[in-house]
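Chemist: sequence and predicted structure are below.
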Amino acid sequence: MNQTQHFIAENKQRFLDELIELLKIPSISADPSYSSSVHQTADSVADHLKSIGMHHVEICQTAGYPIVYAEWTKEPSLPTILVYGHYDVQPADPLELWTSPAFEPVIKRTEIHPEGAIFARGACDDKGQMFMHVKAVEAMIKSGEMPCNVKFMIEGEEEVGSENLGIFVKENVEKLKADVILVSDTGMLANDTPSITTGLRGLSYVEVEVTGPNRDLHSGLYGGCVANPINVLAKMVASLHDENMHITIPGFYDKVVELSDEERAEMAKAPFSHEKYCKALDMEDVYGEAGYSTMERGSIRPTLDVNGIWGGYTGEGAKTVIASKAYAKISMRLVPDQDPNEITKLFMDHFMAIAPKGVRVKVTPHHGGEAAVTPIDSIGYKAAALAYEQTFGKRPIPVRSGGSIPIVAMFEKVLGLKTILMGFGLDSDAIHSPNEHYGLFNYYKGIETIPYFYAHYTELTK
């Protein structure tokens with residue numbers, strides 16, 4: 001990989017300039033008004049894949065946004081790496097909290113990123129991390145050191161549930177035939193502490209609607225006489241946890257697998273500073289389920305959180321009204337063996353059961369997905385660990401992430417392939433939040449590390 005690394009070193013500025021141009025396109029899949037920008041981004045990704053020398057590139061239309069597919073074949077008998085990523089991004093709201101416009105990328109130095117970080121929506125999630133793979137493959141192809149075959153599948157609906165990806169995968173099993181899937185849509189512990197994500201939580205996401213009277217009412221005339229949907233919803237949501245932050249939905253924990261003391265002890269080896277954690281979030285203390293550490297609460301335990309709650313009058317000044325309706329969006333992060341469909345039904349049954357007379361409750365399921373685990377004794381994990389060791393000078397720590405990538409479980413079920421999660425972002429990168437950013441160190445280190453994965457995976461499969 002000497003020529004590959006030389007090519008990377010010689011082209012760093014171009015790699016950065018190209019990413020910046022990609023970040024300028026507001027590919028917000030959740031907002032239909034940005035449809036043309038999402039399609040423009042798909043075209044741009046396809047153009048990049050063509051320019052690096054991929055043998056075949058196509059934009060595959062779906063019922064939603066297109067999937068960009070590409071392949072490069074060295075020799076059919078060699079291993080094939082299938083790279084997955086997404087080119088769509090989260091909405092930038094609230095815009096007023098950004099220190100620079102979300103789609104006008106700028107490089108700023110920070111305490112964590114003294115060499116600079118790219119501030120822009122999608123910088124880390126996932127344009128920056130997806131583009132690392134494009135540039136790493138370019139370096140291997142251009143230097144003549146590509147050791148195996150590679151395929152790309154880059155979608156534009158990850159931030160809205162990947163509804164059409166599952167259909168595409170099921171209809172293209174032969175096209176997507178590979179030996180392992182490689183994804184960078186996760187993070188690592190720190191720039192001096194590399195880690196590989198070996199587990200992801202599943203997800204059940206629902207929206208609830210509580211309806212009281214058939215219209216908004218004057219709070220002076222009707223207050224105390226009718227059920228106030230906002231008050232009721234607040235009480236119902238509050239009742240979903242007990243005093244120990246244990247979720248109160250009957251049957252919720254029935255299939256949760258408790259990790260052994262040995263496994264929990266291994267997890268505890270990962271560096272964690274309670275003081276730094278709280279300082280970074282400007283909080284006095286942590287908060288969560290009794291009996292578990294902060295690292296465990298955010299990875300091996302299921303959770304339930306309200307992501308949004310609204311109703312009534314929220315404009316300037318006062319309006320004394322009892323609203324007819326109140327709403328909330330709720331996500332439940334799940335651990336292995338918890339079925340998202342089953343959990344959604346348990347939630348629906350319980351939420352309907354605890355509603356008092358005087359209100360009507362509607363629960364609308366949104367997207368979900370199963371948890372996933374990658375064994376650390378697999379060839380894919382070993383190859384990734386060796387790759388990190390070459391560029392970081394130390395072995396990476398296996399960690400379980402609190403996040404969800406539902407398509408990872410789907411890939412295993414439909415394609416029969418395990419996914420290796422080589423993330424290079426940091427928890428502090430503010431993904432999904434104002435001022436999202438991605439360190440230049442992380443971007444370049446990803447491009448440098450990925451080729452070694454290809455080399456080691458090819459060698460280990462001989």
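Modeler: That came through fine.
Chemist: run through this protein and note the low-pLDDT ranges.
Modeler: Along the chain, segments meeting pLDDT under 70 are nowhere present.
Chemist: change it to 90
Modeler: Applying pLDDT under 90 to the chain flags residues 1, 161, 199, 257-272, 280, 336, 367-369, 372-377, 398-407, 409.
Chemist: and stretch 209-219, how far out from the chain middle?
Modeler: Here stretch 209-219 is found 37 Å from its chain centre; the criterion is C-alpha atoms, centre = their mean, to the nearest Å.
Chemist: buried residues, it. List them.
Modeler: Glu209, Val210, Thr211, Gly212, Pro213, Asp216, Leu217 (16 or more other C-beta atoms under 10 Å). Bear in mind the C-beta positions are built from the backbone N, C-alpha and C, glycine included.
Chemist: same check on stretch 169-179?
Modeler: Val169, Asn172, Leu176, Ala178, Asp179.
Chemist: now do stretch 80-100
Modeler: Neighbour count says stretch 80-100 has 80-92, 98 buried, by 16+ other C-beta under 10 Å.
Chemist: same thing with stretch 416-434?
Modeler: Neighbour-count burial for stretch 416-434 [16+ other C-beta under 10 Å]: 417-426, 428-431, 434.
Chemist: ends of that stretch, how far apart?
Modeler: Stretch 416-434 has an end-to-end distance of 37 Å (C-alpha to C-alpha, to the nearest Å).
Chemist: rewinding a little: next step: the buried residues of stretch 169-179 restricted to helices.
Modeler: Judged by DSSP state H, the subset of the buried residues of stretch 169-179 located in helices is Val169.
Chemist: relative to Tyr452, which of the buried residues of stretch 169-179 is nearest.
Modeler: Checking these against Tyr452 with C-beta to C-beta, the nearest one is Asp179 at 16.9 Å.
Chemist: what's around the residue nearest to that closest one when sequence neighbours are not counted, how many residues?
Modeler: Nearest residue to Asp179 in three dimensions, chain neighbours excluded: Pro79, at 4.5 Å (C-beta to C-beta, 6 or more residues apart in numbering). Residues contacting Pro79 under the criterion other C-beta atoms under 10 Å number 22.
Chemist: separation between Pro79 and His48?
Modeler: Remark: distance between Pro79 and His48 (C-beta to C-beta, to the nearest Å) = 24 Å.
Chemist: check Ala136 too.
Modeler: 13 Å.
Chemist: what of Ala9?
Modeler: In terms of C-beta to C-beta, Ala9 sits 20 Å off from His48.
Chemist: check Thr41 too.
Modeler: Following C-beta to C-beta, the distance that separates Thr41 from His48 is 11 Å.
Chemist: any common contacting residues for the two?
Modeler: Residues touching both Thr41 and His48 (C-beta atoms under 8 Å, 6 or more residues apart in numbering): Leu22.
Chemist: tell me where the longest helix sits in the chain.
Modeler: helix 440-460.
Chemist: show me what that one is packed against.
Modeler: helix 2-10, helix 12-23, strand 80-86, strand 117-119, helix 127-143, strand 180-183, helix 379-392 (3 or more C-beta pairs under 8 Å, 6 or more residues apart in numbering; DSSP states H and E).
Chemist: so how far is the strand or helix carrying Gly220 off the chain centroid?
Modeler: Secondary structure assignment for Gly220, by DSSP states H and E: helix 219-222. The chain centroid and the centroid of helix 219-222 are separated by 45 Å under C-alpha atoms, centre = their mean.
Chemist: now do the next helix or strand after that helix: distance to the chain's middle.
Modeler: Using DSSP H and E, the helix or strand that follows helix 219-222 in sequence is helix 229-238. Here the centre of helix 229-238 is set off from its chain's centre by 29 Å, with C-alpha atoms, centre = their mean.
Chemist: name the residues of helix 229-238 that come out as buried.
Modeler: Quick answer for helix 229-238 (16+ other C-beta under 10 Å): Pro229, Ile230, Asn231, Val232, Leu233, Ala234, Met236, Val237.
Chemist: show the residue spans covered by the helices in the stretch 151-300 of the chain.
Modeler: 163-171, 219-222, 229-238, 261-267, 274-281, 294-297 (DSSP state H, counting those that start in this stretch).
Chemist: could I get those as CSV with distance to His367?
Modeler: Formatted as CSV, the helices of the stretch 151-300 of the chain follow (distance: least, C-beta to C-beta, whole Å):
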stretch, distance to His367
helix 163-171, 7
helix 219-222, 37
helix 229-238, 21
helix 261-267, 28
helix 274-281, 27
helix 294-297, 23
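Chemist: figure out which of the ones you listed is closest to Ala117.
Modeler: When the helices of the stretch 151-300 of the chain are compared (using C-beta to C-beta), the closest one is helix 274-281, at 15.0 Å.
Chemist: what's next to that closest one, contact-wise?
Modeler: In contact with helix 274-281 (C-beta under 8 Å, 6+ apart) are residues Glu284, Asp285, Val286, Thr294, Ser428.
Chemist: highest neighbour count among the residues you listed?
Modeler: Ser428 leads those on contacts (other C-beta under 10 Å) with 17 neighbours.
Chemist: for my notes, confirm that one occurs in a helix.
Modeler: Yes. Per DSSP: H, G, I helix; E, B strand; the rest coil, Ser428 lies within a helix segment.
Chemist: right, I'll call it a day here.
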